[in-house]
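S.K.: just the structure for this:
(4 chains)
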Amino acid sequence: MFNNLIPALIITPALFAILGFLFSKRAAFFGIAFGLIFFSESLLLLYGVATKSPWAYHFGGWQAPLGIAFAPLRFGSSILGVSAFVMLLTFIYARFSLQESQRALFYPLSTFLALGLVVVYLSQDIFTIYVGLEIIGLCAVGLSALQKSPKALHASLVYLFSTLVASGFYLLGVVIIYAKYGLLNISALIPVIQEELPTLVAFGFMVVAFLLKTAVFPLSFWLANAHANAPTPVSALLSALVIKATFYLMYLFAATLFIFEYELSYFLAFLGVGAIFYGGIKAYLSSDLKLLIAYSTISQVGYLLLIFAFIDEHTDPSMAFNAMAFALFSHTLAKSGFFLAAGVVVHIAQTKEISALQGYASITPVSVFAIALSAVSLIGLPPSLGFVSKWYYLQSAYLSESWFFLFAIIGGGILSAAYLFKLLILFLEHPLEEGHLLRREKSHTTLEWTAFTLSFLSVFLAFFSNSIIAFMG
Amino acid sequence: MLLIDTLLLVLLLWLGFKITFTKDHFNAIIHFIVFGMILALAWVRLGAFDLALAEIALGAGITGALLLDTITFLKKIGREDA
Amino acid sequence: MRNKTFHSLLYFLAFWLFVGLSFILTNINTLDSSMHTKLFEAMPHSGVTHEVTAVLLNFRALDTLLEVGVILLSLIAIHALEPNFRYTPLSFENTITNTFVAILFPLIALYAFYILYSGSYQSGGAFSASALLAGGIIILRLVKPRSFFVPKELILRFLYVSGLFYFVCVGMISLFFGSFLEYRDYIASFYIISIESVLMLSLGAILSAYFINAVQRVKP
Amino acid sequence: MLFIITGVALFVLGLLGVIVHKEFLRKLISLNVFTSGIFLIFVSTTTREDIADPIVIALVLTGLVVTLGASAFAMMLIRAYAKESIKESDNV
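M.R.: Numbers count the residues shown, from 1 in each chain, chains lettered A, B, ... in the order given. Predicted coordinates:
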């Protein structure tokens, strides 16, 4: 029964994207129905992964080296589950926040995005992953182009070219690996792969592709504008789900395929530190609310990359892995909640200027509370998923005596506290009068509570951190 | 055979240079279409006839037509620099 | 000035990238590809005799399914841009071209079908055929823009999605007998030909829609 | 071997073009050269005794079609951007 879940996870997005595109008047209905089905399927998959021994699904019945194999791993399927949950809530949010013409195309496109995510998180075949990456990239750009201002379209064009060049680099890596070993399947490649110059070059190209697509610091020029100018639910999907997919691939390849060079892995970790501070400072300086959140994404991506500093054998790798996994989950939930809540505030205030948002806590208390919860998780205050992540990172940095990273983690936390508290204090001081309440609409209640759910979970799930660690093994 | 190969590849390289460094956009598009056709010949030399067919039809044909249409549109609205 | 130094640095880097990469790629010594040998072992069960078609529509049919998804997806993304760019489109309408096209278009369509069916034993197949068909439609559109017949939006959309839909349906039917998209021997050639035919029509429609949608878009 | 070097040259040229050009249409043309270079490398590094690997041909065919979809979308995005920026400069 669990075996057929994998084709089901391919069939469902394809069918619902078709339905949503055909009957564009009912796109929202099909989208939300898809969100429910997809979420329950991914929960079933999680259950299957937890109870069964690892298995592989061979498409077309052709065994691995020739055919395409999918294999659900624990980490990949849990990110898929969290992604499906975020997607469901964002779909509900989009039903009430987007205009009808935008909705008609938002749902089919983001359903295709789900298809791409399934391929990336489950596939064992590096060429299929390439097609999955192209699906994700095109969906992301198409979604961010739903906002038709020149600024947004320019940002989407820059995004499109970055993601296409990155796909080309990844494809070149695949080309070199196939030319050398004549194989495309990851688990078939592991025993034969050797440390040789062509292989290392292939890995180099792949890593650059992933860095560009994940928007790691020097290559993050496309992210801020693309995320900040998109419609709110799109921003949430882009920063919560899309960049995680390529980061997951980078981690997966590093853990299974790449022959690891410590210099390279330290280089990646230093990039992460650069990202933490660059993103944090830019976020502190920005005067636009959505731009602040987008720069905070760049900063948070840095924490994900820190795992590469602790991957060698001197330290306990499972501790750094837990830290990275919690950083990923916390950012996925907190950032989507943050974007969705900020969308409500921006909608009521009709402006994105931070200085104009003084005192909005009295008008949308639930959204501001959601933002505060997200901030707790992003800064890493206890009790939150972000805290669990930072705690593990600090422990592994302390145990491996890498003081540089220890201070980087603490400094990054202080920096994010600086810009997030600045924002929260602004929301809370000088409450606005009742007159502004007129701009509130009925639908805002639903919007607020979907955002609140996500932010709340990013804090609340910390109480289950032990069982999450146990699940990841 | 080596002579034909060399000729083909030199032509490809020259077209690639032209596409990258010419100033005029229209010129670049025309060179790109010719590039697609020569590339199809290269696929034939490599024994990949499926690719030659697809390259002529998709790469040179449809992409070329779309590019020409796009440049016409951009010229009409006076935003060739976009 | 800064721009100039940046450019010369860029050209310098590009040159060394070229040298290094060509050195590495020309000195690659390949291990024996086990995929390659497996392919020839499996060929008798694939239902077709042309290896490329067998890989595309049988051994690695999932890739092709996703790729059809990409084509459909980019059409949807184009719709998101509301592409009714109203301007006088390229057209070459006169008596000579009209007569020429009246003869040419049926020939192109016929040739597309030939390419499609010859795909099972020689080079060809759905993608080239659909591109030919789309090329024919585009020429028709260029030459006879005014007499061009456009069906209703909903019918067009059915046509666009039919390729992916049929592919997924074949996958679901094959789930009852084995894995997703599993077909062997006798039934395989039937499935492959039918998938290719539907793909040709729907991809032809999508590819020509890339071109035509930008100019005239019918409201639903 | 000659084919490989040409493929690499096209790859590098296309990459340069994408970075250097400011106009998005030119970036797009260069991007197509870039991917063509990758496909040329793919086929020529796997060709043995003048017979191309059928798996590679199938994969490159997939890649070609994907690239076509992406560039069609890119062109429409360029048009939309040009149209909207004209609209905005008219309003100012």
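S.K.: quick one: the residue in chain A that chain C sits nearest to from B:G16, how far?
M.R.: Closest residue of chain A to chain C, C-beta to the nearest C-beta: A:G182 (2.5 Å). Just so you know, the C-beta spots here come from the backbone N, C-alpha and C atoms, and that holds for glycine as well. In this view, A:G182 and B:G16 are 29 Å apart by C-beta to C-beta, to the nearest Å.
S.K.: please apply the same query to C:A14.
M.R.: Computed as C-beta to C-beta, the C:A14 to B:G16 distance reads 13 Å.
S.K.: who has more neighbours out of the two?
M.R.: Regarding C:A14 and B:G16, a neighbour count based on other C-beta atoms under 10 Å in any protein chain shown identifies B:G16 as having more, with 27 against 18.
S.K.: dump the residue contacts of the residue lying closest to C:Y191 once chain neighbours are set aside.
M.R.: Nearest residue to C:Y191, sequence neighbours excluded (C-beta to C-beta, 6 or more residues apart in numbering or on different chains): C:Y183, at 4.7 Å. C:Y183 sits next to A:G60, C:G47, C:N58, C:V170, C:S174, C:Y191, C:I192 when contact means C-beta atoms under 8 Å, 6 or more residues apart in numbering or on different chains.
S.K.: can I assume the first one is in contact with C:F59?
M.R.: Right, the one you point to is A:G60. Yes - contact status for A:G60 versus C:F59: in contact at 6.6 Å, counting by C-beta atoms under 8 Å.
S.K.: and the two? Which one has more around it.
M.R.: Neighbours were tallied for A:G60 and for C:F59 using other C-beta under 10 Å; the higher tally belongs to C:F59 (27 against 24).
S.K.: quick one, what contacts that one?
M.R.: For C:F59, the contacting residues are A:G60, A:W62, A:L66, A:G67, C:L39, C:A42, C:S46, by C-beta under 8 Å, 6+ apart.
S.K.: farthest pair in those residues?
M.R.: Spatially, the most separated pair among the contacts of C:F59 is A:G60 and C:L39, at 13.2 Å (C-beta to C-beta).
S.K.: so D:A70 makes contact with A:V131?
M.R.: No - at 11.6 Å, D:A70 does not count as touching A:V131 under the criterion of C-beta under 8 Å.
S.K.: give me the common contacts of these two.
M.R.: Taking C-beta under 8 Å, 6+ apart as the contact rule, D:A70 and A:V131 both touch C:V70.
S.K.: quickly find the element holding the closest residue to C:E67 other than its chain neighbours.
M.R.: Spatial nearest neighbour of C:E67, chain neighbours left out: D:T62 (4.9 Å); criterion: C-beta to C-beta, 6+ apart. Using DSSP states H and E, D:T62 falls within helix D:54-91.
S.K.: for that helix, what is the distance to the chain centroid?
M.R.: Chain-centre distance of helix D:54-91: 10 Å, with C-alpha atoms, centre = their mean, to the nearest Å.
S.K.: buried stuff in that helix?
M.R.: The neighbour-count check on helix D:54-91 (16 or more other C-beta atoms under 10 Å in any protein chain shown) flags D:54-85 as buried.
S.K.: quick one, what contacts the residue nearest in space to the middle of chain D?
M.R.: Geometric centre of chain D, nearest residue: D:N32, 1.9 Å, by C-alpha atoms, centre = their mean. D:N32 makes contact with B:F32, B:G59, B:T63, D:G14, D:T67, D:S71, according to C-beta under 8 Å, 6+ apart.
S.K.: lowest-confidence one in those?
M.R.: The member of the contacts of D:N32 with the lowest pLDDT is B:G59, and it reads 81.
S.K.: residues in contact with B:L41?
M.R.: B:L8, B:A52.
S.K.: in which helix or strand does residue 159 reside?
M.R.: Let's take chain A. Assigning secondary structure by DSSP H and E places A:Y159 in helix A:150-181.
S.K.: oops, wrong one, chain C.
M.R.: helix C:153-175.
S.K.: check A:S374 too.
M.R.: Using DSSP H and E, the element containing A:S374 is helix A:365-379.
S.K.: which residues sit against that helix?
M.R.: With C-beta under 8 Å, 6+ apart as the contact definition, helix A:365-379 has outside contacts at A:296, A:300, A:330-331, A:333-335, A:337-338, A:340-342, A:344-345, A:360-361, A:384-387, A:413, A:416-417, A:420-421, A:423-424, A:427-428, A:445, A:448-449, A:451-452, A:454-456, A:458-459.
S.K.: brilliant, that's me finished.
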